[in-house]
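Visitor: the sequence and its predicted three-dimensional model are supplied below.
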Amino acid sequence: MTKQSVVVSDPKSGLITAPAAVSMAQKPPHPPGMFIPISEKMLVKDLEINGVARISTWVESMKASSPTHLKSTPLSDEQSSWIISHPSALDMFGQIINASKGKKLVVFLDYDGTLSPIVDDPDRAFMSDDMRKTVRKVARYFPTAIVSGRCRDKVYDFVRLAELYYAGSHGMDIKGPAKGSKYMRGSQAVLFQPASEFLPMIDEVCKVLLEKTKSILGAKVEHNKFCVSVHFRCVDEKKWTELANEVRSVMKGYPKLRLSQGRKVLEIRPTIKWDKGKALEFLLESLGFSNCSDVFPVYIGDDRTDEDAFKVLRDRGQGFGILVSKIPKQTDASYHLQEPSEVMGFLQRLVRWKRGTLRRQLGL
């Protein structure tokens, strides 16, 4: 893994830096209902700032990746094949548990679209009380981390569980629990910020984007500390090209920043080799699992940025990724869940299984 510079907070804060980082056979389940078709040709991964006609590609890709623009249809052969290749994690729960037996399970969770529904106003992406209770129970039995593109502090304000690890800004701002977690190594918490030198530039870009986009109704620029998100969700589709052009015009002046696309959002990030996959590896090492052959990481996420973590797990040959999506699409995840309610159901089953295992071990 590529080594990155590490930022350590003021000694008074009690934070230290952890060391720099770190296929299962599947049977097809019954198809879980209806899926919304999508062509992979409509999706793009890396966005060129200066590419000719690239703006239209961004816009069409965002439209294609949004379920609101597609009607439910009966499963096609292609969709059925996708479900066979990426079966429901609920349907295959027994197989997943069998694969994890004798191993140390670690849980990684995205936030938006995974623990909370996707909403028009990103400031109102609240998780339910039931979901919070479920995640709290999961953290009692397994080391648990939230890995999000959001600012770490903002994610914490949504989740409000001090015993978790939090990786904000697509993993560029990582902090472990200061207290309340039995999975801490030592008495001090982890803090890792590999892109700290970019903070002034990110601040500047955010201010410029706020000014440039203020005339476009519904446009929202979100400062996520080490990255900036430009949301299209509340913008009239006829204005999407104009908004994308404004973003591209700003980005031309910042060659050390890169642009990526999510669900109705453009993300501006530093060009360092760091992503959610690197964050997952770093957290595993921080927990003491970097060279463990018996660790079993579970990563659940819905966004394209989660693919970096799914790929890490597939390459390591340990654990698995679960894609949260109603849309069949190319992914390195092994399984799928359709929506946050299914994520909660899966996590609740995980807790019940662990409780039952402990009771049997105690002879209860």
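Guide: That came through, no problem.

Visitor: going forward, measure contacts and count neighbours with C-alpha atoms only.
Guide: Noted.

Visitor: quick one: average pLDDT of the helix or strand in which Met62 is found?
Guide: Under the assignment given by DSSP states H and E, the secondary-structure element containing Met62 is helix 54-64. Confidence over helix 54-64, taken as the mean pLDDT, stands at 71.

Visitor: residue contacts, Leu347?
Guide: In this structure, Leu347 makes contact with Thr134, Val135, Val138, judged by C-alpha atoms under 8 Å, 6 or more residues apart in numbering.

Visitor: for the second one, what are phi and psi?
Guide: Read that as Val135. The phi and psi torsions at Val135 (degrees, to the nearest 10) take the values phi -60, psi -40.

Visitor: my read is that Lys103 contacts Asp294, right?
Guide: Yes: Lys103 is within contact range of Asp294, at 4.6 Å (criterion: C-alpha atoms under 8 Å).

Visitor: and Lys238, what's its pLDDT?
Guide: On pLDDT, Lys238 comes in at 92.

Visitor: ok, now Glu342?
Guide: Looking at Glu342, its pLDDT stands at 98.

Visitor: check Arg360 too.
Guide: Per-residue confidence for Arg360 comes out at a pLDDT of 88.

Visitor: what pairs with the residue nearest to Arg152 when sequence neighbours are not counted across the strands?
Guide: Setting aside the residues directly before and after it, Arg152 is nearest to Gly168 in space (C-alpha to C-alpha, 6 or more residues apart in numbering), at 4.0 Å. The bridge-partner assignment for Gly168, based on DSSP bridges, gives Asp173.

Visitor: ok, now how distant is the one residue sitting closest to the centre of the chain from Ser196?
Guide: Residue closest to the average C-alpha location in the chain (C-alpha atoms, centre = their mean): Asp110, at 3.7 Å. Computed with C-alpha to C-alpha, to the nearest Å, the distance linking Asp110 and Ser196 is 22 Å.

Visitor: swap in Gln330?
Guide: Between Gln330 and Ser196 the distance, using C-alpha to C-alpha, works out to 33 Å.

Visitor: and these two? Which one has more around it.
Guide: More neighbours sit around Ser196 than around the other of Gln330 and Ser196, counting by other C-alpha atoms under 10 Å; the figures are 17 against 13.

Visitor: so how far is Cys292 from that one?
Guide: In this structure, Ser196 and Cys292 are separated by 30 Å, where distance is defined by C-alpha to C-alpha.

Visitor: pLDDT at Glu40, what is it?
Guide: For Glu40, the model assigns a pLDDT of 38.

Visitor: what do you get for Phe142?
Guide: You'll see Phe142 listed with a pLDDT of 97.

Visitor: touching, it and Val135? I think so.
Guide: No: judged on C-alpha under 8 Å, Phe142 makes no contact with Val135 at a distance of 10.2 Å.

Visitor: which of the two has more neighbours?
Guide: More crowded of Phe142 and Val135, by other C-alpha under 10 Å: Val135, with 23 against 18.

Visitor: who's in contact with that one?
Guide: Listed by C-alpha under 8 Å, 6+ apart, the contact partners of Val135 are Leu347.

Visitor: what stretches of the stretch 151-300 of the chain score poorly on pLDDT?
Guide: Along the stretch 151-300 of the chain, the parts satisfying pLDDT under 70 run over 178-190.

Visitor: which parts of it are helices?
Guide: Defined through DSSP state H, counting those that start in this stretch, the helices belonging to the stretch 151-300 of the chain, from first to last, are 152-159, 199-213, 240-251, 276-286.

Visitor: what's the single longest helix in the protein?
Guide: When every helix of the chain is counted residue by residue (DSSP state H), the longest turns out to be helix 340-361.

Visitor: just give me how far it sits from the chain centre.
Guide: 21 Å (C-alpha atoms, centre = their mean, to the nearest Å).

Visitor: and for stretch 145-152?
Guide: What separates the centre of stretch 145-152 from the centre of its chain is 7 Å, taken as C-alpha atoms, centre = their mean.

Visitor: how long is it end to end?
Guide: Looking at stretch 145-152, the gap from its leading to its trailing residue is 12 Å under the measure C-alpha to C-alpha.

Visitor: who's in contact with it?
Guide: Among residues not part of stretch 145-152, those counted as contacts by C-alpha under 8 Å, 6+ apart are 107-112, 155, 164-171, 173-174, 223-227, 276, 279.

Visitor: returning to that earlier point: with distance to Met92 and pLDDT added, can I get the contacts of Leu347 in TSV?
Guide: TSV is the format used below for the contacts of Leu347 (distance: C-alpha to C-alpha, whole Å; pLDDT from 0 to 100):
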residue	distance to Met92	pLDDT
Thr134	20	98
Val135	21	98
Val138	19	98
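
Visitor: which one of the residues you listed is nearest Ile216?
Guide: Within the set of those, Val135 lies nearest Ile216; the separation is 37.8 Å, counting by C-alpha to C-alpha.

Visitor: count of residues packed around the residue lying closest to Phe320 once chain neighbours are set aside?
Guide: Spatial nearest neighbour of Phe320, chain neighbours left out: Val298 (5.4 Å); criterion: C-alpha to C-alpha, 6+ apart. For Val298, the count of nearby residues is 21 (other C-alpha under 10 Å).
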